[in-house]
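Participant: here are the coordinates; sequence isn't available:
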């Protein structure tokens, strides 16, 4: 397996875990310390070089979110070191979470620090990562120590921390506004939204209402945000959706229209909001004549946020 395919992670409450890897190394026990808090690069401590003959995996803490499902997306942060010299190989904390389909074969979409579509199968994902993620819930932090793989300079043992992130909003349900009538939002089992139209004329200005109040980090004005969304016409037709693509979006707020980005700012991760956007407000979809003069409704789930580099 190409080492560049090994994606990994970190994030969740302040923790220090000492993991004894006895049995992993036939020559003796190996210890790895993992410390860190949610949304921040973990600190991994061990004596390099590690001599690892087989893959070892353990749970630093269990998740309490939805159970990961094969052939469905799994979103996670990762942090990986070369266990030969403790150098950093790859991590998402300065970019954004990596998103993959946990699949048992065939092809499926995947997304890296900024979601894009790749061919992905169990063969290219690798048995190690598949087995490490399989059976866990969103919110889990996992440790994997793997022997050298690849070839040439890419062949080295690795220490990897993975934090599994939720793919939907999680938090307190908020009562709907009473001063403006919004389309009613209904969530499918996996969290994907649909709406029931009001039957009335849409408002003439941009309005928003919170649906779920998360408990995570508030979104900063210059952050890069990972989110799920569905865009509907006023009569309830879904016209664009990250749920349909099996790929959350990751975008710097400064790259989004102000109408859209303003509603992200200060919202805690885990939140969901509904936004009504009348004609004239800039959205990329308005480049289509079909939607140029239509009122659009967005339902957005905030999954993760990252400050700009150096912040």
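Facilitator: Perfect, thanks for sending it. Predicted model, so just to flag it, every value in this text is computed and none were measured.

Participant: Below-threshold pLDDT in this structure: ranges please.
Facilitator: Along the chain, the parts satisfying pLDDT under 70 run over 1-30, 38-39, 95-125, 150-154, 286-287, 309-311.

Participant: Would you map out the domains in it?
Facilitator: With domains defined by automatic domain parsing, the chain comprises 3-165, 172-306.

Participant: Output those in JSON lines; the columns should cover mean neighbour count.
Facilitator: Where C-beta positions appear, they are placed from N, C-alpha and C, glycine not excepted. Formatted as JSON lines, the domains of the chain follow (neighbours: other CB atoms under 10 Å):
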{"stretch": "domain 3-165", "mean neighbour count": "18"}
{"stretch": "domain 172-306", "mean neighbour count": "17"}
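
Participant: partner residues bridging residue 145?
Facilitator: When bridges are called by DSSP bridges, residue 145 pairs up with residue 56, residue 159.

Participant: where along the protein do the helices fall?
Facilitator: 122-125, 127-133, 242-245, 258-261 (DSSP state H).

Participant: Could you name the stretch from these that's closest to residue 82?
Facilitator: Smallest distance to residue 82 across these (CB to CB): 15.6 Å, for helix 127-133.

Participant: For the stretch 51-200 of the chain, just list every one of the strands.
Facilitator: Using DSSP state E, counting those that start in this stretch, the strands found in the stretch 51-200 of the chain span residues 56-61, 72-82, 87-91, 98-102, 141-149, 156-165, 172-173, 184-187, 193-196.

Participant: could these go into JSON lines alongside distance to residue 212?
Facilitator: Putting the strands of the stretch 51-200 of the chain into JSON lines (distance: least, CB to CB, whole Å) gives the following:
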{"stretch": "strand 56-61", "distance to residue 212": "23"}
{"stretch": "strand 72-82", "distance to residue 212": "17"}
{"stretch": "strand 87-91", "distance to residue 212": "29"}
{"stretch": "strand 98-102", "distance to residue 212": "21"}
{"stretch": "strand 141-149", "distance to residue 212": "23"}
{"stretch": "strand 156-165", "distance to residue 212": "16"}
{"stretch": "strand 172-173", "distance to residue 212": "6"}
{"stretch": "strand 184-187", "distance to residue 212": "10"}
{"stretch": "strand 193-196", "distance to residue 212": "11"}
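
Participant: of all those strands, which lies closest to residue 246?
Facilitator: Comparing the strands of the stretch 51-200 of the chain under CB to CB, the one sitting nearest is strand 72-82, at 5.0 Å.

Participant: between the helices of the chain, which gets nearest to residue 173?
Facilitator: By CB to CB (comparing all of those), the closest turns out to be helix 242-245, at 19.4 Å.

Participant: Distance from the chain centre to the closest one, please.
Facilitator: 13 Å (CA atoms, centre = their mean, to the nearest Å).

Participant: now for it, which elements pack on it?
Facilitator: strand 224-233 (3 or more CB pairs under 8 Å, 6 or more residues apart in numbering; DSSP states H and E).

Participant: Mind giving me the packing neighbours of the strand it packs on?
Facilitator: Going by 3+ CB pairs under 8 Å, 6+ apart, strand 224-233 lies up against strand 193-196, strand 238-241, helix 242-245, strand 249-252, strand 296-306.

Participant: want to throw these into CSV with distance to residue 33?
Facilitator: Converted to CSV, the helices and strands packed on strand 224-233 look like this (distance: least, CB to CB, whole Å):
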stretch, distance to residue 33
strand 193-196, 41
strand 238-241, 42
helix 242-245, 37
strand 249-252, 30
strand 296-306, 25
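
Participant: who wins for proximity to residue 52 among these?
Facilitator: Among these, strand 296-306 sits nearest to residue 52 (CB to CB), with 30.3 Å.

Participant: quick one, the closest one and strand 156-165 angle?
Facilitator: 140 degrees (axes from the mean of the first three to the mean of the last three CA atoms, to 10 degrees).

Participant: Partner strands of strand 296-306 and their direction?
Facilitator: Strand 296-306 is paired, per DSSP bridges, with strand 224-233 (antiparallel), strand 272-277 (antiparallel).

Participant: hmm, back to that, for the helices and strands packed on strand 224-233, which one sits closest to residue 211?
Facilitator: strand 296-306 (7.5 Å).
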